[in-house]
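[1] one predicted model, sequence on top.
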Amino acid sequence: MAEREFDVVVWGASGFTGRLVAEHLLTVYGVDASLKWAIAGRDEEKLKHIRTDMGRKAKALPILLADSFDAESLATLVQRTRVIATTVGPYTQYGNELIAACARHGTHYCDLAGEVPWIRRMIDAHNGVAKRSGAFIVNCCGFDSIPSDIGVWFMQREAQARFGKPLQKIHFCLRAASGGMSGGTAASLFEVAEQARKDRRCAKLLMNPYGLNPRNKADGIDRRDALGFRRDELLGVWVAPFLMASINTRIVRRSNALLGHAYGEDFSYNEYTATGNGASGMAKAAAMSGAMAGLMMSAAFAPTRAALRRFVFPAPGDGPTPEEREAGFFKIELAGIDDEGRILRGRVDGKRDPGYGCTSRMLGESAVCLANLTPRRDDEPGGFLTPAAAMGDALLERLRRNAEMTFEVMDVIE
C-alpha cells in the first residue's frame with residue numbers, strides 16, 4: 001500500500017459506538033504519536049462536539065468529512081488512510097459505497113456488520129477488486145463475531161500444539177453476560193428479517209450454514225443452526241439457541257475455508273446459550289428456546305417488528321451509561337473434540353458490556369491490527385477475509401493486551 005496520511009480513520013465517530021471506538025484509540029494510542037488517526041462523518045459540528053467532549057488530549061485530532069451516499073467524497077476519504085473502521089449501520093443502507101471505495105482504492109476496512117445477505121452481496125460484487133487492489137475487507141469485528149472466530153482460532157492453535165491435529169468439532173456457549181444488545185445490532189437484525197420476508201433467495205441464504213463460504217468451498221457437514229433446547233454432552237450443560245449464532249457460525253466456517261480447511265474438511269461448529277444443569281437448567285433452556293422462537297416470529301412481521309423496535313430494543317445511536325458499560329461483561333466457553341476423542345476446553349471472557357464497551361475495543365484493535373499487516377502472499381494480497389483469516393495471532397495478542405479480553409485453556413482430557 002502506498003504511503004497514506006493516516007493509519008486509521010473512524011467513520012461514524014459522532015454515533016454512539018463510533019465515539020467509543022475513538023475514545024479507546026485516544027486512551028491507548030493518543031493523537032499523532034505511534035498511531036496517525038482521525039475521526040470522520042458527514043456532520044462537522046457533531047464531530048467537533050465529540051472531539052471537545054473527549055477532552056484536551058483530543059484537541060489536535062483531525063476531522064474528515066464525507067457522505068455515505070456520495071461516492072466521490074468517499075473515494076477522497078479512503079485514499080487518505082490505510083484503514084477505515086466503520087460503525088455506520090445498518091450496513092445494507094449505509095455501507096455499499098464505502099466498501100466499494102475501499103476495495104477499489106486498496107484501503108483496508110473493518111466493520112460491525114451482522115447482515116449475512118449484505119455481506120454475501122458485497123463479497124460477490126467486490127472480492128475480485130479487493131484482491132487486485134490489496135484491500136483487506138474484514139466484516140464482523142465486534143462481539144459479532146470476534147469472540148467466536150478468534151476463540152476458535154485460539155482453540156485450534158492450542159489443539160495443534162497439544163494433539164498435533166485440529167479439533168473436529170467445537171461447541172460455543174455463552175455462559176453469562178451483562179449488558180444489552182446494541183441499537184445497531186438490533187437494527188441489523190430487523191433489516192435482515194425484512195429482507196428475508198421480501199426475497200425468497202435471501203431467506204434461503206439465511207438457512208444455509210455455509211452461506212458466506214467462498215463459492216467453490218460452500219459445503220460441509222453442518223446442516224442447520226441449532227434449534228430447540230437440549231443437553232449438550234460436550235459442554236456438559238443444558239443449552240438453548242444463541243441469538244447471534246446465525247452470523248457467528250458462518251464467519252467461523254468461512255475462516256476454515258479461507259485458511260485452506262486448516263480445521264479440517266469435516267469440521268463442525270455450533271453455538272448455544274448455557275442454562276445450567278438438572279431440572280432447572282432444562283426448564284430455563286425450554287423457556288429460552290420458546291422465547292427465541294417467538295422473537296424470530298415477531299421480527300418476521302411488520303406490525304410486531306415495529307413494536308419490538310419501539311418498546312424492546314434500543315434505537316441506533318442509543319446506549320448504556322458509562323457506569324453500565326463498565327459493569328458489563330461476558331463469559332464464553334468453547335469445548336472441542338478431535339477424531340481420537342481428546343477434549344479441549346477453553347474460555348473467552350471480556351470486561352465491559354459486550355454490545356458497546358467491549359465491541360468498540362474489538363473494532364478499534366482490529367483497525368490498528370490491519371494498519372500494521374502485510375499481504376498474506378504475493379499472488380493474493382487482499383480480498384474479503386474474516387478476523388481469523390486476516391489477523392489471527394496478531395489480533396489475539398492485541399485483544400489480550402489492549403481490550404482486556406481473556407483467551408485461555410481450562411482443561412485438557414486425553
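    Here it is on my side, so go on.
[2] pull the longest helix from the chain.
    helix 278-300 (DSSP state H).
[3] any idea of the mean pLDDT for that helix?
    Per-residue pLDDT over helix 278-300 has a mean of 82.
[4] for it, output the C-alpha coordinates as CSV.
    Coordinates of each C-alpha in helix 278-300 appear next as CSV, following Å, rounded to 0.1, in the frame of the first residue of the first chain:
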residue,chain,number,x,y,z
GLY,A,278,-30.6,-30.5,36.3
ALA,A,279,-34.3,-29.8,36.1
SER,A,280,-33.9,-26.1,36.5
GLY,A,281,-31.4,-26.0,33.6
MET,A,282,-33.7,-27.9,31.4
ALA,A,283,-36.7,-25.6,32.3
LYS,A,284,-34.6,-22.5,31.5
ALA,A,285,-33.4,-24.0,28.2
ALA,A,286,-37.0,-24.7,27.2
ALA,A,287,-38.2,-21.2,28.2
MET,A,288,-35.3,-19.5,26.4
SER,A,289,-35.9,-21.6,23.3
GLY,A,290,-39.5,-20.7,23.2
ALA,A,291,-38.7,-17.0,23.7
MET,A,292,-36.2,-17.1,20.9
ALA,A,293,-38.7,-18.7,18.5
GLY,A,294,-41.3,-16.0,19.5
LEU,A,295,-38.8,-13.3,18.9
MET,A,296,-37.9,-14.6,15.4
MET,A,297,-41.6,-14.9,14.5
SER,A,298,-42.3,-11.4,15.8
ALA,A,299,-39.4,-9.9,13.8
ALA,A,300,-40.7,-11.5,10.6
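[5] tell me the helices and strands packed up against that helix.
    On a contact count with 3 or more CB pairs under 8 Å, 6 or more residues apart in numbering; DSSP states H and E, helix 278-300 meets helix 183-198, strand 237-241, strand 268-276, helix 302-311. The C-beta positions use only the backbone N, C-alpha and C, and glycine is treated the same way.
[6] tell me who's in contact with P209.
    Each residue near P209 by CB atoms under 8 Å, 6 or more residues apart in numbering is listed here: 220, 222-225, 249-250, 253.
[7] looking at these, which is nearest P241?
    Proximity of those to P241 (CB to CB) peaks at D225, which lies at 7.1 Å.
[8] test my guess that that closest one contacts A245.
    Yes: using CB atoms under 8 Å, D225 is in contact with A245, at 5.3 Å.
[9] does E97 sit in a helix or strand, and which one?
    Assigned by DSSP states H and E, E97 belongs to helix 96-105.
[10] list of residues touching that helix?
    11, 68-71, 74-75, 77-79, 84, 86, 88, 91, 107-109, 122, 125-127, 129-130, 133, 135, 137.
[11] PyMOL command to pick out the buried ones of the contacts of P209?
    Command for PyMOL that selects the buried part of the contacts of P209, burial taken from 16 or more other CB atoms under 10 Å:
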select buried, resi 220+222+225+249+250+253
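[12] the strands in the protein, which residues?
    6-11, 37-41, 63-65, 81-86, 108-111, 136-138, 169-178, 230-232, 237-241, 268-276, 329-337, 343-351, 383-385, 405-413 (DSSP state E).
[13] list the neighbouring strands of the first one plus their orientation.
    This means strand 6-11. strand 37-41 (parallel), strand 81-86 (parallel) (DSSP bridges).
[14] re the thing from before, tell me, what's touching D225 and A245 both at once?
    Going by CB under 8 Å, 6+ apart, residues that sit against D225 and also against A245 are N270.
[15] hmm, back to that, return the members of the contacts of helix 96-105 classed as buried.
    11, 68, 71, 74-75, 77-79, 84, 86, 88, 91, 107-109, 122, 126-127, 129-130, 133, 135, 137.
[16] take these and keep only those in helices.
    71, 74-75, 77-78, 91, 122, 126-127, 129-130, 133.
[17] got CSV for those residues, with pLDDT and distance to M282 too?
    Below are these laid out as CSV (pLDDT from 0 to 100; distance: CB to CB, whole Å):
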residue, pLDDT, distance to M282
A71, 97, 54
L74, 98, 52
A75, 98, 56
L77, 98, 53
V78, 98, 51
Y91, 94, 38
M122, 98, 41
H126, 98, 46
N127, 97, 44
V129, 97, 51
A130, 97, 47
S133, 95, 53
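[18] re earlier: in helices, which of the contacts of P209 fall?
    Filtering the contacts of P209 for helices - DSSP H - leaves 249-250, 253.
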